[in-house]
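Asker: can you look at this prediction? I've put the sequence above it.
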Amino acid sequence: RAGGVFVAVDIGASSGRVILGRVGSDGPSLQIVHRFPNGAVEVDGTLRWDVRELFTQVLAGLRLASDSLEPGERIASVGVDTWAVDYGLLDNDGVLTSLPFSHRDIRSGSTVDGVHSLMPFERLYEITGLQFLPFNTVYQLAAETSLDHHRALLVPDLLCFWLTGRRASEATNASTTGLVDARTGDWAPEILTRLGLPADLFPPLIQPGQRLGLLLPEVARSTGLPTGTSIVAVGSHDTASAVVAVPATVEKFAYISSGTWSLVGVELDYPVLTPASRSANFTNERGIDGAIRYLRNVGGLWLLQECLRSWTADGLAPQLESLLTEAAARPADGPRIDADSSTFIPPGNMPDRIRDAIKATGAAAPTEPAGVVRCILDSLADAYARTVRQAVELSGAEVDVVHIVGGGSQNTLLCQLTADATGLPVVAGPVEATALGNIMVQARAAGLLGDSASLTDIRAAVARTADTTRYTPHGPGTAPKTSPIARNRRV
Ligand code: LFR
């Protein structure tokens, strides 16, 4: 089959990338053409996303992508993914009214009780299967003073609107709002009505693989891309795209998409909406082809990123590599914290908050940065193992191997600690799984993988070229491979 060239715009909470993906018969290969920093900005004491600046970076990246083509190549399509949950509000003229709030803003959480008084969490979970996170879109919307004459677009949908002039809600990301029915995959009228939200607050859904539209003429002009270039919907929730590109070669796997957040779970073909799943706070987010991403958010490398930021501000000039080497040399039975705790969600003063959390467990807090780093990684590995175990128990899925993709897959200490804590082999990589998932969904839509290519086929293609490292567990770990529930039993 002939090959094709695609562009992934992939923006995470701490950095963005524009990537050219060439997909040939031997699998995909990536060329990063543009990287830029991202992070919430402070505006009048609130935490916002500077989406206008992000859009400028997207345009710069598209220009670089166009300039990086080899003779004879053309870009078949472009896909956009970012983190989930956060949204921009547009007025009647389609103009953004203010910069979108970050889910790490302190307003998150303040509306939870109000929302639950209109609709108890039990009922919300029964419909959406969405884990409780104080910043889910449904709670953020409740903090808006007025939604009259407003429309909302999740961040990647907003960027796509600016690229094409077309509004749609991409389905995987919509499933993180708390407003989508886990069974139908569509907006849940009962929730919108009971919470007094306009039925048309968000536009109708579009599925990954569908064509959203063509680049606006002014975008084409400023980027050098042909006016006929398509924007194709991908798993615009970065985690959905990352899970597409887990290079699994067996059916029974768990995944950890490890970046600013860690998303830990399994893939199912049915949602699990049981009270036990609700109590364990597992989520049923939508994947590609209607797959369910049954997972839980775990604190993630945010803890480490924030510590590095604090130490840098204190003039310590921390070098991550040497901190990790020192951390690896420390004993395995050091202190642990609850990496899942919502107290770690907002930014600021992370080393002290971690030390306080350690002291609260009765253990002595490390004085050296390497001790804090080791505590973070031990705690993350423990949380990964606990979460894999729970996913197996609650869903009935079986797990033979744990895949770690994303930035965390480069952290050899974290990967080994995860193998040790789970007692399962860990396959780490690819680091750019999100961009790969974004590109492979476009490649399939372009007919490159055959008409009926399944997720398994996509993963096999990714595995052919993916750069991975295998970690073998030392010790028994804690994660059972199978649960007492028969696999594939609908729960
Ligand atoms: C990861 C992620 C998570 C989501 C969090 C907030 O980047 O998209 O899946 O829970 O960010 O949007």
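Answerer: Nice, I can see it. From a predicted model like this one, the values you see are computed outputs, not experimental measurements.
Asker: what segments of the stretch 201-350 of the chain are helices?
Answerer: 217-223, 238-244, 275-279, 302-313, 320-328, 350-360 (DSSP state H, counting those that start in this stretch).
Asker: out of those, which is closest to residue 39?
Answerer: With C-beta to C-beta as the criterion, residue 39 lies closest to helix 302-313 of those, at 9.2 Å. Heads up, the C-betas are built off the backbone N, CA and C, glycines and all.
Asker: which residues touch the closest one?
Answerer: Helix 302-313 is contacted by residues 13-14, 260-261, 317-318, 320, 339, 344, 347-351, 354, 369, 372-373, 376-377, 380 when judged by C-beta atoms under 8 Å, 6 or more residues apart in numbering.
Asker: just want the angle from it to helix 320-328.
Answerer: On the basis of axes from the mean of the first three to the mean of the last three C-alpha atoms, to 10 degrees, helix 302-313 is oriented at 120 degrees to helix 320-328.
Asker: who in the protein is up against the ligand?
Answerer: Along the chain, the residues adjacent to the ligand under the rule C-beta under 6 Å from any ligand atom are 12-13, 83-85, 103, 237-239, 259-261, 263, 297.
Asker: so the closest residue to residue 199 other than its chain neighbours is in which element?
Answerer: The spatially closest residue to residue 199, leaving aside those adjacent along the chain, is residue 192, at 5.5 Å (C-beta to C-beta, 6 or more residues apart in numbering). Element membership of residue 192 [criterion: DSSP states H and E] is helix 189-194.
Asker: for that helix, packing partners?
Answerer: With contacts defined as 3 or more C-beta pairs under 8 Å, 6 or more residues apart in numbering; DSSP states H and E, helix 189-194 has these neighbours: helix 121-128.
Asker: buried residues in the helix it packs on?
Answerer: Buried residues in helix 121-128, counted by 16 or more other C-beta atoms under 10 Å: 124, 125, 126, 127, 128.
Asker: repeat that for stretch 283-297.
Answerer: Using 16+ other C-beta under 10 Å as the burial criterion, the residues of stretch 283-297 that qualify are 283-288, 291-297.
Asker: can you tell me which of the helices of the stretch 201-350 of the chain is most buried?
Answerer: Mean neighbour count, computed with mean count of other C-beta atoms under 10 Å, is highest for helix 238-244 among the helices of the stretch 201-350 of the chain, reaching a mean of 30.
Asker: what sits against the residue of the stretch 151-300 of the chain found nearest the ligand?
Answerer: Closest residue of the stretch 151-300 of the chain to the ligand, C-beta to the nearest ligand atom: residue 239 (3.8 Å). With contacts defined as C-beta under 8 Å, 6+ apart, the neighbours of residue 239 are 84, 257, 261, 263, 285, 293, 295, 434.
Asker: check residue 436 too.
Answerer: Contact analysis of residue 436 by C-beta under 8 Å, 6+ apart lists 8, 21, 28, 30, 241, 244, 245, 430, 462, 466.
Asker: and if we set it to 6 Å?
Answerer: Contacts were defined as C-beta atoms under 6 Å, 6 or more residues apart in numbering; by that measure residue 436 touches 28, 245, 462.
Asker: now it. Its backbone dihedrals?
Answerer: When read as degrees, to the nearest 10, the backbone of residue 436 gives phi -60, psi -40.
Asker: got CSV for the contacts of residue 239, with pLDDT too?
Answerer: Output for the contacts of residue 239, formatted as CSV (pLDDT from 0 to 100):
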residue, pLDDT
84, 98
257, 98
261, 96
263, 98
285, 98
293, 98
295, 98
434, 98
